[in-house]
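Chemist: Only the shape, not the letters, is given here:
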């Protein structure tokens, strides 16, 4: 039976939409907590990573989940985090700026699943990063977005530091190998996305279209070591999609 940690009252997090620090009760993530959910659109389920935690199995998000990365905490998700279509994950830090003490996630896979997003043949769900240091890597899936043959879903980055990569045809951010980028919006934060064959941000290798990509702020570095675009379509026939850049440093 899966063990669950205690509820922690009055956990602070930075609400970037309102620009204030708020408090909430949240369930502490432990190394056996591999299913997160079932929050609704109006009543999300809250979790907090408050120390160094390593989870060896793939984590599954169901419903609407909000995750707080406490200062000096780090989550190592060694099989990544499944956020598939119809489900949502929002990640918060405890402060506005990224510092040495900012909470971290390291979500890595070496297979067909996204680091954070859909598993094999699954589209990504809704993934929102408002703060923290987030590293997500995959092989055939996206670092953040779709699994192998899956589209990226809805991805929004408003703050924090994000490093996302795929080593064999997925995207850094967007679709897995063969998958379209979905809807990607970056309004802030520092983002580095790279891949081999797919687009850094957009569609995967083997014809993945870029999708709808909008950048209005932040610092963005996107690259492809292969046939894909830095931002846009994946290699071997991926259409660029709709790309709008009105701000930030790209």
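Modeler: Arrived safely, thanks for sending. Computed from a predicted model, the values in this text were never measured in an experiment.
Chemist: Low-confidence ranges, the protein, go.
Modeler: Low-confidence regions of the chain, defined by pLDDT under 70, span residues 1-5.
Chemist: Packing partners of the helix or strand harbouring residue 11?
Modeler: Under DSSP states H and E, the secondary-structure element containing residue 11 is strand 7-15. Of the remaining helices and strands, those touching strand 7-15 by 3 or more C-beta pairs under 8 Å, 6 or more residues apart in numbering; DSSP states H and E are strand 20-28, strand 45-49, strand 59-69, strand 88-93. Yep, even glycine has a C-beta here, placed from its N, CA and C like the rest.
Chemist: go with 6 Å
Modeler: On a contact count with 3 or more C-beta pairs under 6 Å, 6 or more residues apart in numbering; DSSP states H and E, strand 7-15 meets strand 20-28.
Chemist: Given the strand it packs on, what are its sheet partners and their directions?
Modeler: strand 7-15 (antiparallel), strand 45-49 (parallel) (DSSP bridges).
Chemist: Report the buried residues of the following helix or strand past it.
Modeler: Elements were assigned by DSSP H and E; along the chain past strand 20-28, the next helix or strand is strand 35-39. Of the residues in strand 35-39, those buried under the neighbour-count criterion (16 or more other C-beta atoms under 10 Å) are 36, 37, 39.
Chemist: what's the last one in contact with, if anything?
Modeler: Contacts for residue 39 (C-beta atoms under 6 Å, 6 or more residues apart in numbering) come out as 45, 63, 64, 65.
Chemist: separation between it and residue 155?
Modeler: Counting by C-beta to C-beta, to the nearest Å, the separation of residue 39 from residue 155 is 19 Å.
Chemist: Kindly confirm whether my reading is correct that residue 203 touches residue 232.
Modeler: No. Contact criterion C-beta atoms under 6 Å: residue 203 and residue 232 do not qualify, at 7.3 Å.
Chemist: Need the residues touching each of these two.
Modeler: With C-beta under 6 Å, 6+ apart, residue 203 and residue 232 have common neighbours residue 210.
Chemist: Looking at these two, which has the bigger crowd around it?
Modeler: Just comparing residue 203 and residue 232: by other C-beta atoms under 10 Å the higher neighbour count belongs to residue 203, 40 against 26.
Chemist: Could you measure from the more buried one over to residue 37?
Modeler: When C-beta to C-beta is applied, the distance between residue 203 and residue 37 equals 29 Å.
Chemist: same question, residue 51
Modeler: Distance of residue 51 to residue 37, computed by C-beta to C-beta: 22 Å.
Chemist: and of the buried residues of strand 35-39, the nearest to residue 23?
Modeler: residue 39 (17.5 Å; C-beta to C-beta).
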